[in-house]
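> Okay, predicted coordinates and the sequence, questions at the end:
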Amino acid sequence: MDSHFLEVRNLKKYFKRTRGNVHAVDGVNFTIDKGKTLGVVGESGCGKSTLGRCVLRLIEPTDGEVLYEGRDICKLNKRELKDLRKEMQIIFQDPFSSLNPRKTVLDLIAEPIKFNKLIPNASKADIENRVLELMETVGIAERLINTYPHELDGGRRQRIGIARALSLNPKFIVCDEPVSALDVSIQAQILNLLKKLQKELGLTYIFITHDLSVVNYFSNDIMVMYLGHVVEMAPAAELFRNPMHPYTKALLSAILLPKVNGNSERIQLRGEVTSPIDPPDECRFAKRCNYLCKACSAGTPPLLEVEPNHLVACHCIKPGMNILQEQPHLISGR
Amino acid sequence: MSNESLTKSMTGGAAETGENVLEVKNLVVHYVLKKETVEAVNDVSFTLKSGRSLGLVGETGAGKTTTALAIMNLVPNPPGVIKSGTVNVCGHEMLKLKPIELAKIRGADISMIFQDPMTSLNPVMTVGNQIAESVKLHEDCSHSQAFDRAVEMLELVGIPGARASEYPHEFSGGMQQRVVIAIALACNPRVLIADEPTTALDVTIQAQVLGMMSELKTKMNTALLMITHDLGVVAKMCDEVAVMYAGRIVEKGTLEDVFNNTMHPYTEGLFNSLPKIDNRDTELKPIPGLMADPTKLPVGCSFAPRCSYATDACRARRPEDRYVSDTHMVVCTAYEDPAFHIEGWQ
């Protein structure tokens, strides 16, 4: 019997376009244990947001299974899904467009409570009390209860988004770039809040971001995506200590450290992200890879456990064998 | 003309390193609205020498972009009013010139790269023509000469010249930003203002664009004013740093001064808010509270309400510019006490 809190098996999402199918998420597998955080990193267009939405079935996956506490949510009917949704919530990236501008803070936070009839026979005062409680949890001053979103700054709006997600007592939250629209000093406030809530309420997170230093701070495990595929997955400390996939290496080296002379070496990638429309059956990173060799066109590389808990999808890296290290001539590339 | 000869011809007209190409003195810019006045920039002064780069750092609403617009004399009026101060670009008093004179300087002596490449390009004009437009405005040449120059500029920023006849939507975000950079550099300006040039880009593309910018800067000896909120970008690109808070420069110095010998509590707070990549267990120490409201700035130090070191003296009067070394300036009343020091972030 598997005891994982969430297990995703071979998840696929293709979007139909006139020119072909966009392979947004293409055969992703992972598991998360209760109370842990999985960080998903990648550049724009790699399918990380689509993945987050598919896991909650906010968009219908093309294929695959999402087992939430052992139940496949892709097979649930509408009513069962509605019940389950209370436990799974999402925090959106943009605090400016994800809130209805014509509702007050009270209405915004009360909406999910009313919709899901969370408090039986609730009076107005009951709901208001619950809203105030939530506002306190996420750190919004009580006096702001009747303000509209446009009167608030980005940090406070994001706190409303978090309060809305928390209002249903969820167990699992997908955080889709929750801090990327915020200033650094506010970003740190929100990250600390999310961490505190996880500790207190035992929440499980999928944390989607493009910011590697944030994901390192926040996650237990990190999954690196490139064009719909997982290219590397490992515990956070391990991934930063020993990145193996050429794309992960380039990503990590592109981080700009706020230090004098802290940014000497950098791996330059060639070109730009290629089109995800009906990609050929080869390593999707091959066109930008500095280590390109003949093996790269031999089908999609499988995600293999190269070292304990460290999974890599690269034709040149197999358990006990890392051609990239053994054959330094490959490193110079073409 | 090949890339090298092009660059050569461009550096021919460039200024000697060390000459002041941009001087901003006591700049004050307010946005006067019906009910209130937004004090966006309050007494900002700095100079920039040719071939050097200055990073202007701060959060949303610190007045970074308004400062840049004031340098170009592009502050929207109304509601923007440049209350006082002078801006000198290569000997031209930007704030005293007529629009027709300004048009000659903008793009030729000083140009600006805006944050969002998608909105700063004209969607119904080929990128080649957009670059050529800027060349034709400033140089006496035919369209075909200008277009040839546009093709060379594209190649200089790493885009195949054959793509000059394509439209902006056919390019990716990183390439669009390169086109914007090509337009800005087409007339070999002596000062380049880059307003968050890579914020809209992915990390690996950001690395490419920044690398290209510093290469071009060295080749052409351009002075660079880099506006950003990202201390990592500053560490990579800049020789000097000025940290802005609520319309004032609160700390200024060389990169080493500000990063290794941080003095202002706000700068310290910025560093403490960043997750450390090499030590994931360090707790983030965010700056409490919110950015000061620029319509109701406090009497004393604007940062005092959020500052853990603040004393009554801080709240009572406006701090003065204090030079702690030839290059390092900090605006903080607490340093009147010689024993005062911040906790340090490292």
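Arrived safely, thanks for sending.
> which SSE is residue B:286 in?
Assigned by DSSP states H and E, residue B:286 belongs to no helix or strand.
> To which secondary structure element is the closest residue to it other than its chain neighbours assigned?
Counting by C-beta to C-beta, 6 or more residues apart in numbering or on different chains, residue B:286 lies nearest to residue A:188, which is 3.5 Å off, once chain neighbours are set aside. Every C-beta, even on glycine, is put in place using the N, C-alpha and C of the backbone. When secondary structure is defined using DSSP H and E, the element that contains residue A:188 is helix A:184-201.
> Can you spell out which helices and strands pack onto that helix?
With contacts defined as 3 or more C-beta pairs under 8 Å, 6 or more residues apart in numbering or on different chains; DSSP states H and E, helix A:184-201 has these neighbours: helix A:154-166, helix A:212-218, helix B:265-273.
> from the middle of its chain, how far away would the next helix or strand after the last one be?
The element immediately downstream of helix B:265-273 (helix or strand, assigned by DSSP H and E) is helix B:312-316. A distance of 31 Å separates the C-alpha centroid of helix B:312-316 from that of its chain, computed with C-alpha atoms, centre = their mean, to the nearest Å.
> cool, stretch B:51-67 as well?
Relative to its parent chain, stretch B:51-67 has a centroid offset of 5 Å by C-alpha atoms, centre = their mean.
> Check which residues of it are buried.
B:51-59, B:61-67 (16 or more other C-beta atoms under 10 Å in any protein chain shown).
> The residue in the stretch 1-150 of chain B that chain A sits nearest to: which element?
Checking the stretch 1-150 of chain B residue by residue against chain A with C-beta to the nearest C-beta singles out residue B:59 as nearest, at 4.0 Å. Under DSSP H and E, no helix or strand contains residue B:59.
> That one is in contact with residue B:231, isn't it?
No. Shown here, residue B:59 and residue B:231 do not form a contact pair, counting by C-beta atoms under 8 Å, at 11.4 Å.
> how about the residues of the stretch 51-200 of chain A near chain B?
Residues of the stretch 51-200 of chain A found near chain B (C-beta under 8 Å from any C-beta of the partner chain) are A:153-155, A:183-189, A:191-192.
> give me that answer again for 7 Å
By the criterion of C-beta under 7 Å from any C-beta of the partner chain, the positions of the stretch 51-200 of chain A lying close to chain B are A:153, A:155, A:183-185, A:187-189, A:191-192.
> Now render those as TSV, adding distance to residue A:69, pLDDT and neighbour count.
Formatted as TSV, the entries for those read as follows, by distance: C-beta to C-beta, whole Å; pLDDT from 0 to 100; neighbours: other C-beta atoms under 10 Å in any protein chain shown:
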residue	distance to residue A:69	pLDDT	neighbour count
A:153	37	81	16
A:155	33	83	23
A:183	37	81	23
A:184	36	83	24
A:185	38	81	24
A:187	32	86	25
A:188	32	88	25
A:189	32	87	24
A:191	27	91	22
A:192	28	90	16
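> Whatever residue of the stretch 1-150 of chain A ends up closest to chain B and residue B:40: what is the separation?
Residue nearest to chain B within the stretch 1-150 of chain A: residue A:43 (3.9 Å; C-beta to the nearest C-beta). Counting by C-beta to C-beta, to the nearest Å, the gap from residue A:43 to residue B:40 is 34 Å.
> who's more crowded, these two?
Looking at residue A:43 and residue B:40 with other C-beta atoms under 10 Å in any protein chain shown, you find the greater number of neighbours at residue B:40, namely 25 against 21.
> and that one, what element?
strand B:37-49.
> elements contacting that strand?
Contact analysis of strand B:37-49 by 3 or more C-beta pairs under 7 Å, 6 or more residues apart in numbering or on different chains; DSSP states H and E lists strand B:20-32, helix B:64-71, strand B:223-228, strand B:248-254 as its packing neighbours.
> check contacts around residue A:20.
By C-beta atoms under 7 Å, 6 or more residues apart in numbering or on different chains, the residues touching residue A:20 are A:277-278.
> Repeat that for residue A:319.
Residue A:319 sits next to A:304-306 when contact means C-beta under 7 Å, 6+ apart.
> Look up how far chain B lies from it.
As defined by C-beta to the nearest C-beta, to the nearest Å, residue A:319 lies at a distance of 27 Å from chain B.
> Tell me the confidence at that residue?
Residue-level confidence at residue A:319 comes out at 80, pLDDT.
> separation between it and residue A:286?
Taken as C-beta to C-beta, the span from residue A:319 to residue A:286 is 21 Å.
> any idea whether the closest residue to residue A:65 other than its chain neighbours is helix, strand or coil?
The spatially closest residue to residue A:65, leaving aside those adjacent along the chain, is residue A:9, at 4.4 Å (C-beta to C-beta, 6+ apart). Three states are possible here, and by DSSP: H, G, I helix; E, B strand; the rest coil the one that applies to residue A:9 is strand.
> give me the number of residues near residue A:9?
15.
> What strand or helix carries the residue in chain B that chain A sits nearest to?
When distances are taken as C-beta to the nearest C-beta, chain B approaches chain A most closely through residue B:232, which lies 2.9 Å from it. Assigned by DSSP H and E, residue B:232 belongs to helix B:231-237.
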